[in-house]
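>>> everything below, folded, please.
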Amino acid sequence: MSIGVSKGGPLAAGNGGFVRRLIGPVTLPNRFDLTDGMNVLRMVAGLWYLPHVYQKLSGIEGSLKFFASAGLTPAPLFLGLAIVFESLAFIGLTFGLFTRWIGLVSFGCMAVAAYAILQTKGINWYWAKGGEEYLAFWAFASLAIAIDAWRKEQALAK
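Numbering: from 1, shown residues only. Sure thing, here's the model as predicted:
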């Protein structure tokens with residue numbers, strides 16, 4: 001007996017299949033309803049990624065130096081990963097795609113960013129002095145977005 005993604009198998013992507021349940025819906029209903037505060041938070045959190053991706057792409061040499069100084073080596077690999085994951089977070093959060101997973105991706109991006117700031121600037125909470133305050137807020141907002149999406153998906157399934 002083998003476990004596969006074949007028709008009817010436990011990993012089948014059909015109705016109720018493991019993979020489908022794991023991935024969840026691509027979008028949630030009312031994802032652009034601005035009377036739902038979590039939608040507003042999600043879209044703003046997503047849009048905030050755009051200047052970060054742009055900065056990395058327009059200042060590659062400086063970004064590589066920062067990644068190397070933070071101990072994220074090889075710096076080109078980590079810069080590439082940052083650009084990919086931040087771009088996914090921008091698109092996913094802004095447009096409400098795979099929200100529970102993209103919220104977790106965003107949380108991870110901010111956790112790594114906070115680590116990089118700690119490595120380069122030391123412990124300093126206040127964001128205006130290069131601290132982690134802003135990154136921590138963005139990370140926990142992203143986690144709240146993922147939890148909210150999961151909750152809404154569970155409500156839809158009932």
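
>>> what about the protein, any weak spots by pLDDT?
1-16 (pLDDT under 70).

>>> for the helix or strand hosting Pro76, name the packing helices and strands.
According to DSSP states H and E, Pro76 maps onto helix 75-95. Judged by 3 or more C-beta pairs under 8 Å, 6 or more residues apart in numbering; DSSP states H and E, helix 75-95 is in contact with helix 37-47, helix 49-58, helix 60-69, helix 99-121, helix 133-157. C-beta here means a position set from N, CA and C on the backbone, and glycine is covered the same way.

>>> can you pull the contacts of the residue lying closest to Phe67 once chain neighbours are set aside?
Distances taken as C-beta to C-beta, 6 or more residues apart in numbering put Ala75 closest to Phe67, at 4.0 Å, once the chain neighbours are dropped. Shown in contact with Ala75 (C-beta atoms under 8 Å, 6 or more residues apart in numbering): 64-65, 67-68.

>>> spatially central residue for this protein, please.
Centroid check for the chain by C-alpha atoms, centre = their mean gives Ser106 as the closest residue, at 2.1 Å.
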